[in-house]
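> Generate a structure from the sequence data that follows.
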Amino acid sequence: MGVVIAPAGMEKAVGLTTAAYMKDPTDPAWAQDAGMLEWRAFMAKYMPDADLTDANPVYGYTAARAMEQVLRQCGADAGRENIMRQAASLKDVEIATLLPGIKLNPSPTNYRPIRQMQLQRFNGKTYDRFGTLMSGEVS
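Numbering: from 1, shown residues only. Down below sits the predicted model:
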């Protein structure tokens, strides 16, 4: 929101429809959400001057939490081969900054960990999510 929509003009984006997999840091629905409170605490500690309306830090935090899970699964073997094996074997991993129901599920033949999204429409202030999670496979 802070990087694209606000500079272009909030009123010009009303009705914009998109798909998302992460929680929007500007959405009041996540104001008291445990995952977003954890993210905000992290930001306050390590990036206090960052723009909290920018979704990029949410993405970075989400990716770091996924990598943390991979490294935990690696145990004492942090070699490239094992890291790749563990990254490809994540199964139904939930990261608190992803939308509810979205889980990481890469495989040895498809490294894309996120295969679900939810449609959302901009109402002039925030996004309204609608419908059920959509899944798709890429060959």
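
> which stretches of this protein form helices?
5-8, 34-46, 56-74, 80-88 (DSSP state H).

> Name the residues of the shortest one that are buried.
Pointing back at helix 5-8 there. For helix 5-8, the neighbour count (16 or more other C-beta atoms under 10 Å) marks residue 5 as buried. For glycine as for every other residue, the C-beta is placed from the backbone atoms N, C-alpha and C.

> Now do the contacts for the residue at minimal distance from the centre of the chain.
By C-alpha atoms, centre = their mean, the chain has its centre lying nearest to residue 22, at 3.2 Å. Residues counted as contacts of residue 22 (C-beta atoms under 8 Å, 6 or more residues apart in numbering) are 55, 58, 59, 62, 97, 98, 99.

> how close does the third one sit to residue 24?
When you say that, I think you mean residue 59. Residue 59 is 11 Å from residue 24, where distance means C-beta to C-beta, to the nearest Å.

> The two: which has the busier surroundings?
residue 24 (19 against 13; other C-beta atoms under 10 Å).

> residues in contact with the residue nearest to the more buried one when sequence neighbours are not counted?
Nearest residue to residue 24, sequence neighbours excluded (C-beta to C-beta, 6 or more residues apart in numbering): residue 127, at 5.9 Å. By C-beta under 8 Å, 6+ apart, the contact set of residue 127 is 18, 20, 24, 27, 120, 121.

> and residue 127, what pLDDT?
Residue 127 carries a pLDDT value of 90.
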